[in-house]
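Student: give me the fold of what follows.
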Amino acid sequence: MEQQLIGRKKELKLLKEYINSDKSEFVAVYGRRRVGKTFLIRKSVGDEFSFFVTGVHGAAKSEQLINFAIALQKYSCAAQLSVPKNWILAFYELSRYLESLPAGKKVIFIDELPWMDTAKSGFIAALENFWNSWAVLRNDVKLIVCGSATSWMINNLIRNRGGLHNRLTHHLVLEPFTLCECEEYFKAFGFSFARKQIAECYMIMGGIPYYLSMMEKSKSLAQNIDLLFFSKNAPLKDEFNDLYRALFKNASPHIEVVTALAGKGMGLTRQELLNATGLADNGAFSTVIEELEHCGFVRLYLPFGHSAFGDEKRLQRNTIIQLVDFYTLFYFNFVRNNRYQDEHFWTTSLNSSLHSTWSGFSFEMLCLNHLNQIKQALGISGVQTLACSWHTSSGRTHGAQIDLLIDRKDDTINVCEMKFAKGEFEISKAYEKSLMNKLDVFLEESKTRKSLLMTMITTHGVKSNAHSGVVQSEVVLDDLFV
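Tutor: Numbers count the residues shown, from 1 in each chain. This next block holds a predicted model:
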C-alpha cells in the first residue's frame, strides 16, 4: 500500500510548479532531521528522477565519489563502474549522461547534500561549476537538493558569497507537523487517540512524521511510548546522540548547550549559558547557537521591554536562548533518568511529580509552537504582535514570572497562563491572589501603559467559580487544532 502524504499541500504545490516551469530550477529543501523532506520530494516527482543520489553520513571523499558513481551507473545503465577522481569530473560525467537523455525535463535529486561536502573535497566548487557552466544555460534542468544540516544549507547555499551567490531559484523550509496535521495523520492511519492524547504525543515527540510512523494503532499512547523509548531494544532510546551527531560535524558543544538549557525553562542569556557550559566566548560559540537555532532546537527571544515592533536588531546581552525541541526535553526528563532500565518507565511516571513538572513546561512549548492558532482563537490574527516573557527583578517578589506575553500593536497585552489539566482548570483563592499580584508587579516594573488581559490557555477550559472572574479571555486545546 502506497503511503499517503499528510499535510504539506502548500509545499507540494510549490515543488510541482518549480518542476513544471519552463526554465532550469535550483531548489533547496531543508528542515529538521526526520521531518519528511525526502518523502515530500519523492511525492512531488513521483520517483521519476533522471538522477538520484544520497550522501553517505561520515564517509570520506573517496567513498562519496564511489557512491555517486554507483548511482550514475544505475541511471545510465553503463556496463562498467567508472569512479571519478574528483567532484569536477563527477559532475562532468553527470552532465554528459543528462545530455544523452531524450528531450524533456531532467530532475536531479541530491539528498543529504551536506554529507557530501567533506573537508577539502572541492565539492561546493564543483557544484557551483556544474550549475553555472552547464545547468543554468539550459531550460530543462531541475536540480533539487536536500539536507537536514540546516545551518550548512543556509550558509553554503542560501547565504553563499561565492559562485552560488543568488543562484538558488527557490528554497523551502519543511516545518514539523502542527497539531492539526498530527490529528490528520492519526486519523488517516486508523488511530483512535483523543485530542489530549495527541497533544501529549506532540509534547513528547513534536510534530516529527518519522517518529509518528513508528507508533502502533493497536496500542495506547502510554504503551507506544514505553515501546519506543524504554523497552529492551527501544528504537528511539539512542536517538539523542544519533540525532545531534548526524546534524553537526562536531556535536559535543551543541550537546553541552542543550544539556545546560534542559533544566532552565525560560532559558539563559548568552553569558549565563557560557558560565553553565564552560565554553569559550568566541565565534565558534556563536556558530553553535546559530546552528541549533536553524535546526529548531533552540529559539532566541528578547524579554519584555527589550524589543520594539519592527526592530530586528538583537541585543546580545539580553537575548535569551531557550530549548524548544520536544524530543530533547523528553530525553532529559525521562530517557536519561531511567537509571534502572525500567521497560515501563513512562507508564509508572504518569502520576509522578516529574511528569507533572514536565507536562506543564512542555505544554507551554506546545502553545509557543501554535501562536498563530492562539491569536486566531483570541480574534487578533490581523494584529501585529510580539511574543515574549518576563520575570521580576525585584527581591521582594522573588519568583514572579510570566512565560508568555502577547504584546500587541493595539496597545493591549495578553498575559498568558498555560495549564495542562486533566479536566476543567479550577482557580483557587490563592491562585487568584497570585495572578493579581503578578499583574500588579508586572505593571509596576514594566511601566507599561498598555491594557492587560489575563488569558488562560488550558486543555478543557476554566471552571466557573468565585475566583474565575480574574480571567478575561480563554483558549482551549481544541483551538490549537485549527
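Student: can I get stretch 52-60 in CSV, CA atoms only?
Tutor: In CSV, the C-alpha atoms belonging to stretch 52-60 read as follows (Å, rounded to 0.1, in the frame of the first residue of the first chain):
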residue,chain,number,x,y,z
PHE,A,52,19.0,10.5,-7.6
VAL,A,53,21.8,10.1,-5.0
THR,A,54,22.0,10.3,-1.2
GLY,A,55,25.1,11.4,0.6
VAL,A,56,26.7,9.0,3.0
HIS,A,57,27.0,10.1,6.6
GLY,A,58,30.5,10.2,7.9
ALA,A,59,32.1,8.9,4.7
ALA,A,60,35.3,10.2,3.2
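Student: and it, how far out from the chain's middle?
Tutor: The chain centroid and the centroid of stretch 52-60 are separated by 23 Å under CA atoms, centre = their mean, to the nearest Å.
Student: average model confidence for that stretch?
Tutor: Throughout stretch 52-60, pLDDT has a mean value of 95.
Student: can you give the contact residues for that stretch?
Tutor: Residues from elsewhere that reach stretch 52-60, judged by CB atoms under 8 Å, 6 or more residues apart in numbering: 63-64, 67-68, 71-72, 75, 108-116, 118, 246. C-beta: built from backbone N, CA, C; applies to glycine.
Student: for stretch 408-423, same thing?
Tutor: Stretch 408-423 is contacted from outside by 199, 309, 359-360, 362-364, 367, 374, 378, 380, 383-385, 402-407, 425, 435, 438-439, 442, 448-460, 473, using CB under 8 Å, 6+ apart.
Student: repeat that for stretch 186-201.
Tutor: By CB under 8 Å, 6+ apart, the surrounding residues in contact with stretch 186-201 are 4, 6, 179, 182-183, 212, 215, 217, 221, 359, 363, 366, 420, 459, 477-478, 480-481.
Student: buried sites along that stretch?
Tutor: 186, 191, 193, 195, 197-201 (16 or more other CB atoms under 10 Å).
Student: also stretch 431-450?
Tutor: Applying 16+ other CB under 10 Å to stretch 431-450 flags 432, 435, 438-439, 441-442, 445-446, 448 as buried.
Student: cool, stretch 33-50 as well?
Tutor: Those would be 33-45, 49-50, for stretch 33-50 by 16+ other CB under 10 Å.
Student: any stretches of the stretch 301-450 of the chain with poor pLDDT?
Tutor: 306-316, 339-340, 393-399 (pLDDT under 70).
Student: which stretches of it form strands?
Tutor: Per DSSP state E, counting those that start in this stretch, the stretch 301-450 of the chain carries strands over the ranges 320-323, 385-391, 401-408, 412-419.
Student: direction included, what does the second one pair up with?
Tutor: The strands beside strand 385-391 in its sheet (DSSP bridges) come out as strand 401-408 (antiparallel).
Student: distance between the strand it pairs with and the chain's centre?
Tutor: Worked out by CA atoms, centre = their mean, strand 401-408 lies 22 Å from the chain centre.
Student: with only the CA atoms kept, save it in PDB.
Tutor: C-alpha atoms of strand 401-408 as PDB (Å, rounded to 0.1, in the frame of the first residue of the first chain):
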ATOM      1  CA  GLN A 401       7.300  35.500  36.100                       C
ATOM      2  CA  ILE A 402       5.100  35.400  33.000                       C
ATOM      3  CA  ASP A 403       6.100  32.700  30.500                       C
ATOM      4  CA  LEU A 404       4.100  34.200  27.600                       C
ATOM      5  CA  LEU A 405       3.100  37.800  26.900                       C
ATOM      6  CA  ILE A 406       1.400  38.600  23.600                       C
ATOM      7  CA  ASP A 407       2.400  42.200  23.200                       C
ATOM      8  CA  ARG A 408       0.000  43.800  20.700                       C
END
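Student: need the outlier residue of this protein, farthest from its centre.
Tutor: Distance from the C-alpha centroid of the chain, by CA atoms, centre = their mean, peaks at residue 79 (43.6 Å).
Student: check what pLDDT that one gets.
Tutor: For residue 79, the pLDDT comes out at 90.
Student: one more: residue 221?
Tutor: Residue 221 is given a pLDDT of 96.
Student: what sits against it?
Tutor: 193, 197, 200-201.
Student: widest-spaced pair of these?
Tutor: 193 and 200 (9.0 Å; CB to CB).
Student: longest helix anywhere in this protein?
Tutor: helix 429-446 (DSSP state H).
Student: which strands and helices lie in contact with that one?
Tutor: Helix 429-446 is packed against strand 412-419, strand 451-458, with contacts defined by 3 or more CB pairs under 8 Å, 6 or more residues apart in numbering; DSSP states H and E.
Student: and the angle from it to strand 451-458?
Tutor: Relative orientation of helix 429-446 and strand 451-458, computed by axes from the mean of the first three to the mean of the last three CA atoms, to 10 degrees: 140 degrees.
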